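A.B. asks: Got a predicted structure plus its sequence, pasted below:
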There are 2 protein chains.
Amino acid sequence: MSETDIPDIVIRRLPLYARELGLLAGEGRDFISSQELGQRLGVTPAQIRKDLSYFGRFGKRGRGYEVVGLRERLRTILGLNGRVKEMVLVGVGRLGRAVLGYAGFRRGGFEVVRVFDSDPRQIGQEVDNHRVADVATLPEYLQRTRVAMGIVAVPAEAAPSVIDMLVSGGVRAILSYAPVTTSVPRGVHLRQIDPVMELESMAYYLEAPFDGYVEDHP
Amino acid sequence: MSETDIPDIVIRRLPLYARELGLLAGEGRDFISSQELGQRLGVTPAQIRKDLSYFGRFGKRGRGYEVVGLRERLRTILGLNGRVKEMVLVGVGRLGRAVLGYAGFRRGGFEVVRVFDSDPRQIGQEVDNHRVADVATLPEYLQRTRVAMGIVAVPAEAAPSVIDMLVSGGVRAILSYAPVTTSVPRGVHLRQIDPVMELESMAYYLEAPFDGYVEDHP
DNA sequence: CACTGTGAACTTATTCACAGCT
DNA sequence: AGCTGTGAATAAGTTCACAGTG
């Protein structure tokens, strides 16, 4: 059972489960059934059980899942129980600074270890305890350190070339905030966060603001 | 053909198409085939054609799609060609301020029209040209203005109650940055942005950092 | 006996493949 | 000739339903 035969959509739900189990642990809860966990997450119990079954048998029949234990298992599966995951950040404009200051990364076990920018006015500045490095030094840095994750917070125009640099440098997981599609080789994982696209798609449901868009159907 | 029989997954791709068409228009491109558009977006041409066919026949056989025209059509379908979409923002901590300062919303035709917080130290302050209002006044404000979209940038603990207030006030599209699952009634659309979850799921692919997670399989 | 784990059934989504236009 | 638009075929994902078990 190699990791690649597990659907990505399943992998993406694991952090959701882990997150909720963390909350449950905080509430002092010992066991939880797929039924109740599903209710809290808006997911069917069968889906949770099926998802977990890709990785093993973690439940106790008649009892459910041990909250802390399952959370640990999931974090181990995700590779999150080793040391902090180091990331580079490219772009320290408004957005990059917000990312750098976001405490959630640190709390989740991710840490920005070096920040880069191409703007001469930024390079050399101190931002949130990081000296901003010239993006020209990024390849050398990646070569040397083998950092495997990167965050892209540069304008759309700059994003493709930045992403190329990251990929060439061996970065295999990239989170991009730039509103542009960029292709990456197989084996490299790129996730985009674009709040505007989320809003745009929700706008569709606000009302039928148009009528007869099918008027030219035969 | 009511809007509700179009799969949500199709609706979510429309902004992606519209975004790319905007870029193409900027490049002065007149027509594009589903083939080439698909290549640029990492989507199959058949998928693009099928998606568009839910709404009408927008292409010219032998030529492809008229770039500006299709973009306008898509934006109209999404309800984005009317006036600016007004939103409330709840939470003006670090994250909320970053959201407020993000120029992409304005560019995309979305505007934060009022900001709220529960922290007495924030209430009354001026943030990015907005006077921060007490979240206690949110219900009254929604009642009066009928603003239909909201952004939630409060800590996880506070998010469920804030989301409830928005829903009660008639907000039907909510973008939440809080790392917590909250259920909303049918008809209300909630999208969550959680960069940590994205990173966590990508971490899985970084390497097989574990071996034998199936050791207790039969 | 209340739950999990899981094949089988079903549903949804994607891709194929080609007729039909321009 | 080169593309779209679309039913039909295929693939992927979800849910059912129930045997098995602590």
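C.D. replies: Received it, and whenever you're ready, just let me know what you need.

A.B. asks: Find the nearest non-adjacent residue to residue A:16, please.
C.D. replies: Once its chain neighbours are removed from consideration, residue A:16 has its nearest residue in residue A:41; the separation is 6.2 Å (CB to CB, 6 or more residues apart in numbering or on different chains). For glycine as for every other residue, the C-beta is placed from the backbone atoms N, C-alpha and C.

A.B. asks: Report the contact partners of the one you found.
C.D. replies: Taking CB atoms under 8 Å, 6 or more residues apart in numbering or on different chains, we find residue A:41 in contact with A:16, A:17, A:20, A:48, B:181.

A.B. asks: Relative to DNA strand C, which of those is nearest.
C.D. replies: Proximity of the contacts of residue A:41 to DNA strand C, judged by CB to the nearest atom of the strand, is greatest for residue A:48, which lies at 7.6 Å.

A.B. asks: out of everything not next to it in sequence, what's closest to that closest one?
C.D. replies: In space, residue A:48 comes closest to residue A:34 once its chain neighbours are excluded; the distance is 4.4 Å by CB to CB, 6+ apart.

A.B. asks: does DNA strand C sit close to stretch A:33-47?
C.D. replies: Yes: contact of stretch A:33-47 with DNA strand C (CB under 7 Å from any atom of the strand) involves A:33, A:34, A:35, A:45, A:46.

A.B. asks: And residue A:207, how close does it get to residue B:163?
C.D. replies: 21 Å (CB to CB, to the nearest Å).

A.B. asks: tell me the SS of residue A:161?
C.D. replies: On the three-state scheme (DSSP: H, G, I helix; E, B strand; the rest coil), residue A:161 is labelled helix.

A.B. asks: isn't residue A:94 right up against residue B:98?
C.D. replies: Yes: distance between residue A:94 and residue B:98: 6.8 Å, which falls inside the contact criterion (CB atoms under 8 Å).

A.B. asks: Of these two, give the one with the bigger neighbour count.
C.D. replies: Neighbours were tallied for residue A:94 and for residue B:98 using other CB atoms under 10 Å in any protein chain shown; the higher tally belongs to residue B:98 (18 against 14).

A.B. asks: Now do the contacts for the more buried one.
C.D. replies: Contacts were defined as CB under 8 Å, 6+ apart; by that measure residue B:98 touches A:94, A:95, A:97, A:98.

A.B. asks: Unless I misread the structure, the second one falls within a helix.
C.D. replies: Spelled out, that is residue A:95. Yes: read with three-state DSSP, residue A:95 is one of the residues of a helix.

A.B. asks: Check the residues of stretch A:33-47 next to DNA strand C for burial and list the buried ones.
C.D. replies: Buried by 16 or more other CB atoms under 10 Å in any protein chain shown: A:33, A:34, out of these.

A.B. asks: From the residues of stretch A:33-47 next to DNA strand C, pick out the ones that also neighbour DNA strand D.
C.D. replies: residue A:46.

A.B. asks: Going by distance to residue A:143, which of the residues of stretch A:33-47 next to DNA strand C wins?
C.D. replies: Distance from residue A:143 was checked for each of those by CB to CB. The minimum falls on residue A:34, at 45.6 Å.

A.B. asks: And for residue A:157, the neighbour number?
C.D. replies: The local packing of residue A:157 (other CB under 10 Å) involves 10 other residues.

A.B. asks: What residues does chain A have near DNA strand C?
C.D. replies: Residues of chain A lying near DNA strand C by CB under 7 Å from any atom of the strand: A:33-35, A:45-46, A:49-50, A:52-53, A:57-65.

A.B. asks: Now intersect those with the strands, please.
C.D. replies: By the criterion of DSSP state E, membership of the residues of chain A next to DNA strand C in strands covers A:59, A:60, A:64, A:65.

A.B. asks: Got the domain ranges for chain A?
C.D. replies: Domain assignment for chain A, taken from automatic domain parsing, gives A:3-78, A:85-200.

A.B. asks: Tabulate these (a markdown table), appending mean pLDDT.
C.D. replies: Supplementary listing: those in a markdown table, determined by pLDDT from 0 to 100:
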| stretch | mean pLDDT |
| --- | --- |
| domain A:3-78 | 97 |
| domain A:85-200 | 98 |
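
A.B. asks: so, if you compare the contacts of residue B:98, which one comes nearest to residue A:105?
C.D. replies: Within these, distances to residue A:105 taken as CB to CB reach their minimum at residue A:98, with 11.4 Å.

A.B. asks: how near is that closest one to residue A:177?
C.D. replies: Residue A:98 sits 9 Å away from residue A:177, taking CB to CB as the criterion.
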